[in-house]
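[1] What follows is a predicted protein model with its sequence.
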Amino acid sequence: MISLTSYAFVSMMLFSIGVIGVIARRNIFVIYMSIELMLNGVNLFLVTFARYHFNMDAQIITVMVISIAAAEAAIFLSVIILLYRSRKSLDTDIFTTLTQGEKS
Amino acid sequence: MADLIFIALAFLAISGAIAMIVYANPMYSALGILITMLSVAGMFALLNATFLFLVQIIVYAGAIMTLILFILMFLNIKEKDLPKEPNKYKFMIIGAFIMIPLNILVLKAVSKLPEKDLTISNTEFGNIKPLGMELYNNWIIPFELISILLLIALIGSVVLAKKRKSKLNDKGEQL
């Protein structure tokens, strides 16, 4: 018997692993994927409660979250291309200074 | 039967997520999160959300992850370009300790709710037609705003990624 708690456990695990990834990693790609993982966990929670209450509003919010994630992906990847062109690195500690830096 | 499928999907989702934050190479991380997204799509199907099942596979696994893999291959990242992460596991343990209270709170609150049947129902719930009717009748303004947002993101990414000429010459003087 699949209960509400087991779905809640899976979505909270996904969300927590996303937070741990943002805290622990320094690779900018992994941090972005962790944010996507957190969005996925919240989506799973929303869809679980949509089924629980038999109400479709939460599924529509999930559709909106997915479309905003798609827009975010496009912007993020163009910013990453710019950063990698100027710094030749994926380390978030190097991205903390906003000046142009020394030209290589 | 549905229980076994759920257990398999949950195992795959969590192990894919752990693989994503453990591997040093971002290519393996992308493949790990791909497994997680497909498993979450399977859970949407178990929860009667047919349309979201399709959208999750097409948009997340199909579009976003393909874009990330494309950029990873496009940038041609070498092993020496990857950031050194000597304290990775220490920070992971710290993060796990930070997240434990929130997990306990949410799971306690959810387990107090009355049990309801969450199995697949034979109604129209979650199909494309009722979802579309709901979207176009009650959520029309957010829907239009989302379309404007997508247009702005499209223009913004094109403007950001195009090559621009520097306004300074080699000696740092204004042209």
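    That came through fine. Numbers count the residues shown, from 1 in each chain, chains lettered A, B, ... in the order given.
[2] next SSE after the helix or strand of chain B with the lowest mean pLDDT?
    Lowest on mean pLDDT, DSSP states H and E among the helices and strands of chain B sits helix B:65-75, with a mean of 88. As assigned by DSSP states H and E, the chain's next helix or strand after helix B:65-75 is helix B:88-111.
[3] Is chain A within reach of that next one?
    Yes - judged by Cβ under 8 Å from any Cβ of the partner chain, helix B:88-111 comes into contact with chain A through B:88-89, B:91-92, B:94-96, B:98-99, B:102-103, B:106-107, B:110-111. Quick note: C-beta positions are derived from backbone N, CA and C, even for glycine.
[4] Got phi/psi on the closest residue to B:Ile57 other than its chain neighbours?
    Leaving aside its sequence neighbours, B:Ile57 sits nearest to B:Ala41 (Cβ to Cβ, 6 or more residues apart in numbering or on different chains; 5.0 Å). Torsion angles at B:Ala41 (phi, psi; degrees, to the nearest 10) stand at phi -60, psi -40.
[5] In the chain, where is pLDDT below threshold?
    Going with chain A. A:98-104 (pLDDT under 70).
[6] The intended chain is chain B.
    For chain B, residues meeting the criterion pLDDT under 70 lie at B:164-175.
[7] Break down it into its strands, ranges please.
    Remark: no strands are assigned in chain B by DSSP state E.
[8] ok, back up a step: hang on, the residue nearest to B:Ile57 packs against B:Ile58?
    No - if you go by Cβ atoms under 8 Å, B:Ala41 and B:Ile58 don't touch, sitting 9.5 Å apart.
[9] In terms of neighbours, single out the busier of those two.
    Set B:Ala41 next to B:Ile58 and count neighbours by other Cβ atoms under 10 Å in any protein chain shown: B:Ala41 wins out with 22 against 12.
[10] what's the spatially closest residue to B:Pro83 that is not a sequence neighbour sitting at in phi/psi?
    Closest residue to B:Pro83 apart from its sequence neighbours, by Cβ to Cβ, 6+ apart: A:Asp91 at 3.6 Å. Per-residue torsions, A:Asp91: phi -80, psi 130 (degrees, to the nearest 10).
[11] list the contacts for A:Asp91?
    Neighbouring residues of A:Asp91 by Cβ atoms under 8 Å, 6 or more residues apart in numbering or on different chains: A:Arg26, A:Asn27, A:Ile28, B:Pro83.
[12] The nearest residue to the third one once chain neighbours are set aside - how many residues pack around it?
    Okay, so that is A:Ile28. Closest residue to A:Ile28 apart from its sequence neighbours, by Cβ to Cβ, 6+ apart: A:Leu90 at 5.1 Å. By the measure other Cβ under 10 Å, the count of residues near A:Leu90 is 23.
[13] May I have the phi/psi pair for A:Leu90?
    Backbone torsions of A:Leu90, given as degrees, to the nearest 10, read phi -110, psi 10.
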